[in-house]
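In: Could you look at this predicted model? Sequence included:
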Amino acid sequence: MVEITLVHGDITEQRVDAIVNAANPSLMGGGGVDGAIHRRGGPAILEECKEIRRREEYREGLPTGQAVATTAGELPARWVIHTVGPVYSEREDRSDLLASCYREALRVADELGARTVAFPAISTGVYRWPLESAARIAIDTVRRADTRVHEVRFVLFGQDAYDTFARVLAETRPDG
Ligand code: AR6
């Protein structure tokens with residue numbers, strides 16, 4: 001079973017095999033955690049993203065819910081796994097797409113042989129997903145994942161995000 005840990009901090013500082021980026025379909029960078037990863041990781045990450053975009057299947061961009069890996073450049077991690085979360089919608093339930101981000105990122109981690117993986121709270125910033133719902137989907141999906149990853153570390157940037165993940169984790173622990 002995957003061990004789930006929580007950290008209050010910056011994902012770019014994590015010494016893990018892979019960190020996950022909450023990217024957008026262009027893979028060309030952006031704000032939030034995406035901006036921080038490209039800034040701190042240096043240009044090698046963007047170069048590999050451009051190569052990925054040249055592949056036929058990603059000509060139109062990385063579809064929401066899917067994941068791809070690049071080098072982590074100058075970051076302490078070995079790889080960055082880029083995934084695209086759904087933009088939150090009140091009219092449409094996009095939970096399956098958010099769950100897919102976690103599942104697909106772990107599938108790519110298994111392909112790489114990564115054993116420790118750090119995730120941000122995907123979609124909870126620019127994409128406006130409510131924290132509590134995002135935490136439930138993230139934790140539930142990781143718990144159910146069939147993966148060889150040993151540790152999934154959620155790296156929460158704000159106090160609010162950390163407190164919410166901690167509460168949901170405690171409430172939903174399988175052993176009570
Ligand atoms: N480490 C960990 N978490 C962080 C960091 C960091 N350094 N910086 C921000 N967060 P967001 P999204 C948190 O907006 O909602 C980008 O422009 C942040 O507080 O980064 O999936 C992309 O290019 C929030 O809780 O990602 C896309 O266009 C969480 O990370 C779009 O934003 C996710 O916030 C994706 O939006």
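Out: Cool, the structure landed.

In: how near is the nearest residue to residue 77 once chain neighbours are set aside to the ligand?
Out: Excluding its sequence neighbours, the residue lying closest to residue 77 (C-beta to C-beta, 6 or more residues apart in numbering) is residue 19, at 4.6 Å. All C-beta spots, glycine's among them, are computed from the backbone N, C-alpha and C. Computed as C-beta to the nearest ligand atom, to the nearest Å, the residue 19 to the ligand distance reads 9 Å.

In: Can you classify the nearest residue to residue 13 once chain neighbours are set aside by secondary structure?
Out: Leaving aside its chain neighbours, residue 13 sits nearest to residue 76 (6.9 Å; criterion: C-beta to C-beta, 6+ apart). Here residue 76 is recorded as coil under DSSP: H, G, I helix; E, B strand; the rest coil.

In: Go ahead and confirm residue 76 touches residue 18.
Out: No - Residue 76 sits out of contact with residue 18 when judged by C-beta atoms under 8 Å, with a separation of 11.3 Å.

In: neighbour-wise, which of these two wins?
Out: residue 18 (26 against 13; other C-beta atoms under 10 Å).

In: mind listing what residue 132 touches?
Out: 164, 168 (C-beta atoms under 8 Å, 6 or more residues apart in numbering).

In: switch to 6 Å and redo it
Out: residue 164 (C-beta atoms under 6 Å, 6 or more residues apart in numbering).

In: does it belong to a helix or a strand, and which?
Out: helix 131-144 (DSSP states H and E).

In: And that helix, what's buried?
Out: For helix 131-144, a neighbour-count test (16 or more other C-beta atoms under 10 Å) marks 131, 133-139, 141-142 as buried.

In: Repeat that for stretch 65-84.
Out: Quick answer for stretch 65-84 (16+ other C-beta under 10 Å): 65-73, 75, 77-84.

In: Helix, strand, or coil at residue 46?
Out: Look at residue 46: counting by three-state DSSP, its state is helix.

In: still on that earlier bit, next structured bit after the helix holding residue 132?
Out: strand 151-156.

In: That following strand pairs with which strands, parallel or anti?
Out: strand 3-8 (parallel), strand 116-119 (parallel) (DSSP bridges).

In: Show me the buried residues of stretch 65-84 that map onto strands.
Out: Among these, the residues falling in strands (DSSP state E) are 67-71, 79-84.

In: what's the farthest-apart pair in these?
Out: 71 and 84 (19.0 Å; C-beta to C-beta).

In: can you pull the buried residues of the longest helix along the chain?
Out: Longest helix in the chain by number of residues (criterion: DSSP state H): helix 95-112. Of all the residues in helix 95-112, those buried under the rule 16+ other C-beta under 10 Å are 95, 97-110.
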